[in-house]
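Engineer: Generate a structure from the sequence data that follows.
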Amino acid sequence: MLVAAAVCPCPPLLVPEVAAGAAPEMHAARAACTDALGVLAAARPDVLVVVGPAERSGRGWHPQGTPGTFRGFGVEVDVRLGPAPDTASERELPPSLAVGAWLLERTGWVDAPIEGLGVGEPLEPERCIEAGREIGARAGRVALLVMGDASACRTLKAPGYLDERAAPFDAEVARALGAADVAAVKALDVELAQELKASGRAPWQVLAGAAENAGLSGSLLYDDAPYGVGYLVATWS
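Structural biologist: Numbering: from 1, shown residues only. This next block holds a predicted model:
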């Protein structure tokens, strides 16, 4: 059963070496992520699943110890999803899970086995929810670290340019995640999320499936758009 979840944004800019001179602008987001991961550790889960958006090559399950890197962003920073196992993974973490792995390394590992799940952003809500149900139905205490960004259309300089629908969409997502409103997260509009370049929609709906009947309460720790992209941090416990 799901006992706790942390929702964090997944821009590589969270990694100070990637952000370089802009690193201070993400300080508050990093601090909120640290607090959120503390909630996961306090829940003492038997397993931690890190869920995030992924392109085709990164979709599916990634076992503990799968490596990730930020060398594609011009910095020599490598990460690993939990302690290395006896056998090496043949795949590399998608960027969202690499950011999750970096957060876990930065804050100290949750003392539990760790797995990663890369989710395709176009995945239908029903399939996202079903994947979450399967995770939530595992025996023992399950925790989720859910990576994903809200809209990328909040300002003229945002990656998706300015879209007047972005702020209301992000506000509803922030409300739903802050309230652990499972029904509202399930109901997020797939087409609108895609048009607003919200990479977190599918991972959030995996969370909603896992949280069914778990009776968790939510708390919103961070809600801002420093680069015209909505970044949210929330906990469910």
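
Engineer: Which secondary structure element is home to the closest residue to Glu172 other than its chain neighbours?
Structural biologist: Excluding the flanking residues, the one nearest Glu172 by CB to CB, 6 or more residues apart in numbering is Ala184, at 7.2 Å. In this view, the C-beta of every residue, glycine as well, is placed from N, C-alpha and C. Ala184 belongs to helix 182-186 when assigned by DSSP states H and E.

Engineer: buried ones in that helix?
Structural biologist: Applying a neighbour-count criterion of 16 or more other CB atoms under 10 Å, one finds Val182, Val185, Lys186 buried in helix 182-186.

Engineer: what pLDDT, on average, does it get?
Structural biologist: Averaging pLDDT along helix 182-186 gives 98.

Engineer: what's the answer for stretch 141-156, then?
Structural biologist: For stretch 141-156, the mean pLDDT works out to 97.

Engineer: ok so, going back, which residues outside the helix holding Ala184 are in contact with it?
Structural biologist: Taking CB atoms under 8 Å, 6 or more residues apart in numbering as the criterion, the residues outside helix 182-186 that touch it are 125, 129, 172, 175-177, 204-205, 207-209, 211-212.

Engineer: one step back: turn the buried residues of helix 182-186 into TSV, including distance to Arg141.
Structural biologist: Formatted as TSV, these follow (distance: CB to CB, whole Å):
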residue	distance to Arg141
Val182	19
Val185	21
Lys186	23
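
Engineer: Which member of those is positioned nearest Pro12?
Structural biologist: Out of the buried residues of helix 182-186, the one with the shortest distance to Pro12 is Val185. That distance is 24.9 Å, counting by CB to CB.

Engineer: For the closest one, give its distance to Pro125.
Structural biologist: Distance check for Val185 against Pro125: by CB to CB, to the nearest Å, it reads 9 Å.

Engineer: Please identify every residue contacting each of those two.
Structural biologist: Gln205.

Engineer: Mind picking the one among the buried residues of helix 182-186 that's closest to Glu17?
Structural biologist: Val185 (32.5 Å).

Engineer: Leu145 belongs to a helix?
Structural biologist: No: the secondary structure assignment for Leu145 gives strand rather than a helix, going by DSSP: H, G, I helix; E, B strand; the rest coil.

Engineer: for Ala137, what are its contacts?
Structural biologist: With contact set as CB under 8 Å, 6+ apart, Ala137 has these partners: Met1.

Engineer: those strands in this protein, which residues are they?
Structural biologist: Under the criterion DSSP state E, the chain contains strands at 2-8, 47-53, 60-62, 67-69, 78-80, 114-119, 142-147, 218-224, 231-236.

Engineer: Which of the ones you listed sits closest to Pro159?
Structural biologist: Counting by CB to CB, Pro159 lies closest to strand 231-236 out of these; the figure is 12.8 Å.

Engineer: mind checking how far that closest one is from the chain centre?
Structural biologist: Computed by CA atoms, centre = their mean, to the nearest Å, the separation of strand 231-236 from the middle of its chain amounts to 9 Å.
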